[in-house]
Every structure is written in C-alpha cells, then in structure tokens.
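In: sequence unknown, structure follows:
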C-alpha cells in the first residue's frame, strides 16, 4: 500500500503563487508516474498535470499551461506543483495521485492506483 501526503495549499490572491508538494511512502520503480488533479465544488475531478518519474516527461491541462509547473525530487520521493498567476477559477481541492503502471492515459482518474487526501487551494479575486 502506498501513501501519498499533500501539503502547501492555502488562500492566495489572484495573480499570486503557491507550491504544492506530495510525498510518497515508497521508492518509485518501473513505469511510474505521478499526477495532480483538482476538484471544485459540484464538479468532477479533473486532470491538471502529470510527470513520469524516471524521464521527467510532463503534460498539462490546457487551462494551466504556462502557469503551472510539475517537477519531482527523486531523492525525497516528492512531486511538486508550482502554481503561478493563480486565478479564482483555480480554486479547488488539489489531489496528487500515483500511477504504478503508467500507460499514457494520464487524464483519466482510473489510470491512477493511489490518491492523497487532498489540499484546499482558494484564490480570491
């Protein structure tokens, strides 16, 4: 069983920045990837970004391209989401997720095996 723990959420004004972190309880091996999703009240959970653990290849939702950056620190078993130029529509609970057999279907929640508990991000206008 893998445990994911998120941190770094909070309240920020529009145009501001936050950095989320997600640490995993085990060392990644094989075709492993970690992603970030978000869920606003009354809406479905949606893909934000993903990074493959060994090569560091990343993909982003169109809504965050150019503003968010996903990265990983292998030594710390941690993935980060740097969020800049935040907008009120970025307000949501942000979840990290681990895919232990990554096949490229990164936008789908069913692709991921483990999920963190979520961290609230609120952007005020």
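Out: Alright, I've got the coordinates. The model shown is predicted, which means the values in this text are computed figures rather than measured ones.
In: Is the spatially most central residue of the chain in a helix, a strand, or coil?
Out: Taking C-alpha atoms, centre = their mean, the centroid of the chain lies closest to residue 36, which sits 2.0 Å from it. Of the three states, residue 36 takes strand according to DSSP: H, G, I helix; E, B strand; the rest coil.
In: distance of it from residue 95?
Out: According to C-beta to C-beta, to the nearest Å, residue 36 and residue 95 sit 7 Å apart. No exception for glycine: its C-beta is placed from N, CA and C like everyone else's.
In: Residue 64 too?
Out: Using C-beta to C-beta, residue 64 is found at 15 Å from residue 95.
In: hmm, back to that, now do the same contact list for the residue nearest to the centre of the chain.
Out: By C-beta atoms under 8 Å, 6 or more residues apart in numbering, the residues touching residue 36 are 20, 22, 48-50, 70, 79, 81, 94-97.
In: Can you tell me the element the residue nearest to it when sequence neighbours are not counted falls in?
Out: Distance criterion C-beta to C-beta, 6 or more residues apart in numbering; nearest residue to residue 36, sequence neighbours excluded, is residue 48 at 4.3 Å. Secondary structure assigned from DSSP states H and E places residue 48 in strand 46-52.
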